[in-house]
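Colleague: This is a predicted model, with the sequence first.
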Amino acid sequence: MSVDASVERRTEPENRNGDGNGVVAPSSTHRLRLNPNTDHEPDNYEDLQLEFSPLLFSSLEQYLPPFMLNARRDVKVQYMRDILLRYSNEAERNRVQKQREYRQKIMSRYQPLHRELYAMNAEKFFVPSFLEAIKNNTEEGFRSIISESSPGVYTFEMLQPCFCEMLMTEVENFEKWVYDTKFRIMRPNTMNKYGVVLDDFGLETMLDKLMDSFIRPISRVFFPDFGGSTLDSHHGFVVEYGMDRDLDLGFHVDDSEVTLNVCLGQQFSGGELFFRGIRCDKHVNTEARAEVHCP
């Protein structure tokens with residue numbers, strides 16, 4: 001889970017920039033606040049066709065200058081879109097557009113097996129202890145269900161077995177559809193030949209809700225120095241390992257601020273997961289060795 005776009009955050013003077021009717025004209029002077037207004041409840045943008053993730057707009061809204069926070073939704077969209085377009089290059093916008101078209105093509109043809117999987121249902125998806133901790137939303141509550149296996153590595157019980165079963169059979173159904181239709185899909189990364197991107201066949205909205213309402217409250221507590229409180233995009237996928245699949249995954253560094261690993265296997269041997277600690281930019285791909293501190 002990581003940030004979709006890079007934007008500059010600056011303080012905004014209190015002067016208004018509009019036509020007197022609440023409409024803000026596109027301007028290179030549009031700026032964002034340095035710190036978010038965490039008390040502000042942002043609008044939902046999921047029903048709009050936008051060049052960027054709807055969740056990015058909701059997250060960005062908390063950084064709007066005070067005079068924009070209570071503006072009409074279309075006015076805020078125009079203001080934020082102007083900023084995003086200035087700070088994102090054309091190649092990236094084209095990539096996002098092609099990805100959107102690719103996903104729309106899949107979703108117009110693929111028939112889901114478990115439609116209830118595509119909308120968040122917290123009571124059916126999560127175990128009670130996890131839901132209680134999220135409801136209380138306190139560091140003490142989170143630490144009561146979470147163990148720190150290693151510095152920065154946390155383990156906890158989260159998902160109901162029925163949810164895991166539904167997800168696995170949905171993935172199997174999608175893969176069968178891919179095989180039967182000979183539809184060429186993009187794999188989760190360049191290292192895995194077997195696996196699917198969950199967002200590509202309709203689970204993006206559910207995963208947005210998962211990240212926003214259930215992962216971000218935890219990452220805000222445990223990863224405050226790594227963008228844990230500002231997650232606004234994700235890359236959700238399932239990969240398969242087996243004798244006739246990928247056998248393993250070599251050492252790598254995830255391109256994200258926070259990673260959530262979930263084991264969906266039933267009966268298997270092996271599958272150990274190793275963590276080699278936090279890497280600085282100079283030593284991202286170096287071999288593991290005794291702990292050293294970079295200057």
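Modeller: Everything's here; your move.
Colleague: can you pull the pLDDT of the residue nearest in space to the middle of the chain?
Modeller: The residue lying closest to the centre of the chain (Cα atoms, centre = their mean) is H234, at 2.0 Å. In this model, H234 is scored at 87, pLDDT.
Colleague: Same check on I278?
Modeller: We have a pLDDT of 73 for I278.
Colleague: What strand or helix carries it?
Modeller: Applying DSSP states H and E as the criterion places I278 outside every helix and strand.
Colleague: thought it was touching S150?
Modeller: No: counting by Cβ atoms under 8 Å, I278 stays clear of S150, with 10.8 Å between them. (Each C-beta comes from the backbone N, C-alpha and C, glycine too.)
Colleague: Provide a list of residues in contact with the closest residue to R33 other than its chain neighbours.
Modeller: Once flanking residues are discounted, R33 sits nearest to Y63: 4.9 Å by Cβ to Cβ, 6 or more residues apart in numbering. Y63 is in contact with 9, 32-33, 35-37, counting by Cβ atoms under 8 Å, 6 or more residues apart in numbering.
Colleague: which among those end up buried?
Modeller: Among these, those classed as buried by 16 or more other Cβ atoms under 10 Å are 32-33, 36.
Colleague: Report the secondary structure state of the residue nearest to R33.
Modeller: At Y63 the chain is in coil, as set by DSSP: H, G, I helix; E, B strand; the rest coil.
Colleague: Distance check, it against S53.
Modeller: Going from Y63 to S53 by Cβ to Cβ, to the nearest Å gives 15 Å.
Colleague: what residues are up against E170?
Modeller: Listed by Cβ under 8 Å, 6+ apart, the contact partners of E170 are 112-114, 117.
Colleague: quick one, longest helix in this structure?
Modeller: In terms of residue count, the longest helix belonging to the chain (DSSP state H) is helix 161-181.
Colleague: Return the distance of that one from the chain's centre.
Modeller: 21 Å (Cα atoms, centre = their mean, to the nearest Å).
Colleague: Against which helices or strands is the helix or strand just after that helix packed?
Modeller: Sequence order places strand 195-197 as the next helix or strand after helix 161-181, per DSSP H and E. If contacts are counted by 3 or more Cβ pairs under 8 Å, 6 or more residues apart in numbering; DSSP states H and E, strand 195-197 sits against helix 161-181, strand 237-239.
Colleague: For F268, which of those is the nearest?
Modeller: Relative to F268, the nearest member of those by Cβ to Cβ is helix 161-181, separated by 12.7 Å.
Colleague: wait, isn't E46 in contact with K209?
Modeller: No: counting by Cβ under 8 Å, E46 stays clear of K209, with 9.8 Å between them.
Colleague: who has more neighbours, those two?
Modeller: Applying other Cβ atoms under 10 Å to E46 and K209 shows that K209 carries more neighbours, namely 18 against 15.
Colleague: Just the pLDDT for D200.
Modeller: Value for D200, per-residue pLDDT: 95.
Colleague: My error: substitute L55 in the last question.
Modeller: pLDDT recorded at L55 is 81.
Colleague: That one contacts D208, correct?
Modeller: Yes: counting by Cβ under 8 Å, D208 is a contact partner of L55 at 5.1 Å.
Colleague: More neighbours: those two, which one.
Modeller: More crowded of L55 and D208, by other Cβ under 10 Å: L55, with 24 against 21.
Colleague: Can you name the residues that contact the more buried one?
Modeller: 45, 208, 211-212, 232-233.
Colleague: Now the contacts of Y63 in TSV, please, with extra columns for distance to G242, pLDDT and secondary structure.
Modeller: TSV is the format used below for the contacts of Y63 (distance: Cβ to Cβ, whole Å; pLDDT from 0 to 100; DSSP: H, G, I helix; E, B strand; the rest coil):
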residue	distance to G242	pLDDT	secondary structure
R9	45	26	coil
L32	47	90	coil
R33	49	89	coil
N35	48	86	coil
P36	44	86	coil
N37	49	88	coil
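Colleague: any idea which of those is closest to V196?
Modeller: Nearest to V196 among the contacts of Y63: P36, at 33.8 Å, using Cβ to Cβ.
Colleague: distance of the closest one from I83?
Modeller: Taking Cβ to Cβ as the measure, P36 falls 15 Å from I83.
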